[in-house]
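S.K.: Compute the structure for the input listed below.
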Amino acid sequence: MTGWPGARRLLRPWWLLSHLAIGVLLVATVNLGFWQLRRLDERQARNALVEERADAPSVSLRELFAEMDPDELVHRTVEVSGVFDADREVFVVNRSQDGLSGVHVVTLLETSGGGVAVDRGFVPRSVYVTGDPSAWAPPGGEVVVAGRVRVAVTSRGGHGDEVERIDVIDLSDRWGEVLPPVYVESGSGVGTGEIPFGLPAPPLDEGAHLGYAVQWFVFFTIGLIGYPLVLVRLARSDPEADGLDD
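M.R.: Residues are numbered from 1 along each chain as shown. Model prediction:
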């Protein structure tokens, strides 16, 4: 192998570890690329589901409960009538909308078939910190709320009336009433004034998954082609001439 005077040094322990590490990195990058593509497929499937259910006719929430599994209700447009209980209310903190920070106000709506949690909308922090409930008070008497069905999640804790997420198990304990496993999110805001602001529909963009996948595949290609080229250059060079024969 007179044309490859440096080949032997590439079989030394340090270089073998280097080959192994590069191999592991190549496997990791290509798998991360495919993982991002799977995330993209999931996002596209979710967007299609949201669009399909949003286009379905608006119906009574109780009618849907009688006909469907709760998982099939999510993102459906519904109408629910009842009376708000302003004494049973929580605030989902660390929310933002249109560049403003604030909270979501969630209030119990008493219906003829039981209570349901309603996310009435967004309250800017500048209004919320004043501590004046009349600024976001719900309307009195019988109301009809139009909104989207959203799935409840497990709470990450909270402090007093401030919570991190809408957890109907936690709310059931707080309010002393068994709630359904979903809640209603108002798209137009429900209050006596302009506040709370209505909540926008879920975004239907595909996110950055495709871009991330391309980046990981580029890294994989660079490693797959670049590392062997470096090895060939080193193998063809003379270690003694380069002062690397140690």
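
S.K.: how distant is the longest helix belonging to the chain from the center of its chain?
M.R.: In the chain, taking DSSP state H as the definition, the longest helix is helix 13-54. Mean-position distance between helix 13-54 and its chain equals 18 Å (CA atoms, centre = their mean, to the nearest Å).

S.K.: One more: stretch 126-144?
M.R.: Here stretch 126-144 is found 28 Å from its chain centre; the criterion is CA atoms, centre = their mean.

S.K.: now the end-to-end length of it.
M.R.: End-to-end distance of stretch 126-144: 28 Å, with CA to CA, to the nearest Å as the criterion.

S.K.: Could I get the buried residue list for that stretch?
M.R.: 127-128, 135-138 (16 or more other CB atoms under 10 Å). C-betas here are computed from N, CA, C, even on glycine.

S.K.: Repeat that for stretch 181-194.
M.R.: 182-187, 189-191.

S.K.: Format those residues as CSV; extra columns: secondary structure and pLDDT.
M.R.: Below are these laid out as CSV (DSSP: H, G, I helix; E, B strand; the rest coil; pLDDT from 0 to 100):
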residue, secondary structure, pLDDT
Val182, strand, 85
Tyr183, strand, 88
Val184, strand, 90
Glu185, strand, 89
Ser186, strand, 87
Gly187, coil, 81
Gly189, coil, 75
Val190, coil, 80
Gly191, coil, 73
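
S.K.: Show me the helices in this protein, by range?
M.R.: 13-54, 61-67, 125-128, 168-175, 209-236, 239-242.

S.K.: same for the fourth one, what does it pack against?
M.R.: The contact analysis (3 or more CB pairs under 8 Å, 6 or more residues apart in numbering; DSSP states H and E) places helix 168-175 against strand 77-97, strand 100-111, strand 114-124.

S.K.: Could you identify which of the ones you listed is most buried?
M.R.: strand 114-124 (a mean of 24; mean count of other CB atoms under 10 Å).

S.K.: Tell me what angle that strand forms with strand 100-111.
M.R.: 160 degrees (axes from the mean of the first three to the mean of the last three CA atoms, to 10 degrees).

S.K.: Determine the angle, from 0 to 180 degrees, between strand 114-124 and helix 168-175.
M.R.: 100 degrees.

S.K.: From one end of stretch 177-192 to the other, what's the distance?
M.R.: Stretch 177-192: ends 25 Å apart by CA to CA.

S.K.: and it, how far out from the chain's middle?
M.R.: Averaging C-alpha positions (CA atoms, centre = their mean) puts stretch 177-192 20 Å from its chain's average.

S.K.: which ones are touching Asp85?
M.R.: Going by CB atoms under 8 Å, 6 or more residues apart in numbering, Asp85 touches 107-110, 115, 175.

S.K.: Return the item of those residues having minimum pLDDT.
M.R.: Lowest pLDDT within these is found at Gly115 (87).

S.K.: show me the contacts for Ser101.
M.R.: Counted by CB under 8 Å, 6+ apart, Ser101 has contacts 94-95, 124-125.

S.K.: no no, Thr107
M.R.: Counted by CB under 8 Å, 6+ apart, Thr107 has contacts 84-86, 88-89, 117-118, 120, 138.

S.K.: same thing but 7 Å
M.R.: When contacts are counted by CB atoms under 7 Å, 6 or more residues apart in numbering, Thr107 is found next to 84-86, 88-89, 118, 120, 138.

S.K.: What pLDDT does the model give the residue lying closest to it once chain neighbours are set aside?
M.R.: Closest residue in space to Thr107, ignoring its immediate chain neighbours: Glu89 at 4.6 Å, by CB to CB, 6 or more residues apart in numbering. According to the prediction, Glu89 has pLDDT 93.

S.K.: No further queries at this time; thank you.
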